[in-house]
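K.L.:
Got a sequence here, can you model it:
(chains A and B)
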Amino acid sequence: MKVAVQLFGPLAEQAGKTRLEVEGATVGEVVAATGLKLGPSVRFALNTDYVGPEAPIKEGDVVSLIPPVGGG
Amino acid sequence: MFKVTTDVLSIDEAYDAVRRPGCGAVALFIGTVRDHHDGKKVTKISYSAFKEMAEKEFAAIASEAEKRWKVGAVYIAHRTGALQIGDASVVIAVSSAHRAEAFEGCRYAIETLKKMAPIWKEEFYETGKAWISG
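P.N.:
The predicted structure is shown next:
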């Protein structure tokens, strides 16, 4: 299944884009399919919730890669 | 009220949003852009966010604060875009019947926002820039 992936902050800067599309049935598969080198501090979101790599993907879901945050 | 916005943040809006007849205290936290970081002169800061998720996190922070303490209402707003030195980047207001809960709820809200809200800070110096987390 094709899944949209959103990149933010330093990850978007490194990749030179904010969005890409890959195949995968779980968040972990989707993240691996991006081919991006991610440190252990990068979290994942499925739509608008933090999830682990085991989270299954449904049609139309959006996966976001959340690098270390710096709000405040 | 919970929002991520490019507009200038309003302290009055925050105060008005949490005033309640049963609340005798309002704690207000304002985060502002500082002119230095690790010995370097900061010239400006740019914030970006995953707006929909950040606003959902703000609502979750508020509902957790309401569960833990007897708070009346919670307001959280974060600004994005290019901010200048002294600009307010975040405004949090928490009301409660008595001051202890307002202070504690407000402290909880800013500390949790800093860990959980999908917002990114890029600091610009006289030479160079850096992404700042934590």
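
K.L.:
where exactly do the helices run in the chain?
P.N.:
In the absence of a named chain, this looks at chain A. A:9-15, A:27-33 (DSSP state H).

K.L.:
if you could check chain B rather than the one you did, that'd help
P.N.:
Using DSSP H, helices in chain B cover B:11-18, B:51-68, B:99-116.

K.L.:
Any idea which of the helices of chain A gets closest to chain B?
P.N.:
Of all the helices of chain A, helix A:9-15 sits nearest to chain B, with 3.2 Å by Cβ to the nearest Cβ. For glycine as for every other residue, the C-beta is placed from the backbone atoms N, C-alpha and C.

K.L.:
how about that closest one: buried residues?
P.N.:
Using 16 or more other Cβ atoms under 10 Å in any protein chain shown as the test for burial, helix A:9-15 gives A:G9, A:P10, A:L11, A:A12, A:E13, A:A15.

K.L.:
where's the dip in pLDDT among those?
P.N.:
Between the buried residues of helix A:9-15, the one the model trusts least by pLDDT is A:A15, at 92.

K.L.:
residue contacts, the residue nearest to that one when sequence neighbours are not counted?
P.N.:
Excluding its sequence neighbours, the residue lying closest to A:A15 (Cβ to Cβ, 6 or more residues apart in numbering or on different chains) is A:L7, at 5.4 Å. Going by Cβ atoms under 8 Å, 6 or more residues apart in numbering or on different chains, A:L7 touches A:A15, A:K17, A:T18, A:R19, A:L20, A:L36, A:S64, A:L65.
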